[in-house]
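Engineer: build me a model from this:
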Amino acid sequence: MTPKKILFVCLGNICRSPAAEGVMRSLVEEARLENMIEIDSAGTGRYHIGELPDRRMRMAARRRGIELTHHCRQVETDDFSRFDLIVAMDESNYRNLREMSPSVDGDRRIVRMSEWFGTSNRRMHSYVPDPYYEGAEGFELVLDLLQDACQNLLNELIQPHSEK
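Structural biologist: Numbers count the residues shown, from 1 in each chain. From the prediction side, this is the model:
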């Protein structure tokens, strides 16, 4: 079986998208599905290329047992054919990705992270907020939202396989 390839995207690739990558990687490893799901992250902007994720996000993730070791990169044209799902953290990045997409096929791969929010999170949030200018509680909220959404996304990805 060909692995499902997922790219998580935010603006700078230093807070939300590397956190989503780390959360999803942790869930995939826990479920022992590394051979079925490949994960990466990128930013629509080029502000932090080559840097590690924001120190505050790394610390918040580490408290949950998740290490964020990704080095920031910008979305590339090839990503629109390389990845099955390109997951935008908010509406602004969703629009930017749509503008960057080179084809209708690439457009079809772009989705919003909020599509996998559970019912309680969906009532209160329509996107993953940027914690960059927030305090510690902003990073915790982002991780809470990502853990919920990534678990729901993983469940959706493996459901057809668990029925066999």
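
Engineer: packing partners for the longest helix seen in the chain?
Structural biologist: In the chain, assigned by DSSP state H, the helix with the most residues is helix 136-162. The contact analysis (3 or more C-beta pairs under 8 Å, 6 or more residues apart in numbering; DSSP states H and E) places helix 136-162 against helix 16-30, helix 55-63, helix 119-124. C-beta coordinates here come from the backbone N, C-alpha and C atoms, glycine included.

Engineer: mind listing what's buried along it?
Structural biologist: Neighbour-count burial for helix 136-162, counted by 16 or more other C-beta atoms under 10 Å, picks out 138-139, 141-143, 145-151, 153-154, 157-158.

Engineer: re earlier: okay, the helices and strands packed on helix 136-162 in JSON lines with mean neighbour count, distance to residue 83 and mean pLDDT next?
Structural biologist: As requested, the helices and strands packed on helix 136-162 are exported to JSON lines (neighbours: other C-beta atoms under 10 Å; distance: least, C-beta to C-beta, whole Å; pLDDT from 0 to 100):
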{"stretch": "helix 16-30", "mean neighbour count": "24", "distance to residue 83": "12", "mean pLDDT": "98"}
{"stretch": "helix 55-63", "mean neighbour count": "17", "distance to residue 83": "22", "mean pLDDT": "97"}
{"stretch": "helix 119-124", "mean neighbour count": "11", "distance to residue 83": "24", "mean pLDDT": "90"}
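
Engineer: select, out of the ones you listed, the one closest to residue 82.
Structural biologist: helix 16-30 (15.0 Å; C-beta to C-beta).

Engineer: got the angle for the closest one vs helix 136-162?
Structural biologist: On the basis of axes from the mean of the first three to the mean of the last three C-alpha atoms, to 10 degrees, helix 16-30 is oriented at 40 degrees to helix 136-162.

Engineer: so helix 16-30 versus helix 55-63, what angle?
Structural biologist: 20 degrees.

Engineer: so what touches helix 16-30?
Structural biologist: 6, 8-10, 34, 36-37, 39-43, 53, 57, 61, 65-68, 70, 72, 87, 89, 113, 128, 130-131, 142-143, 146-147, 149-151, 153-154 (C-beta atoms under 8 Å, 6 or more residues apart in numbering).
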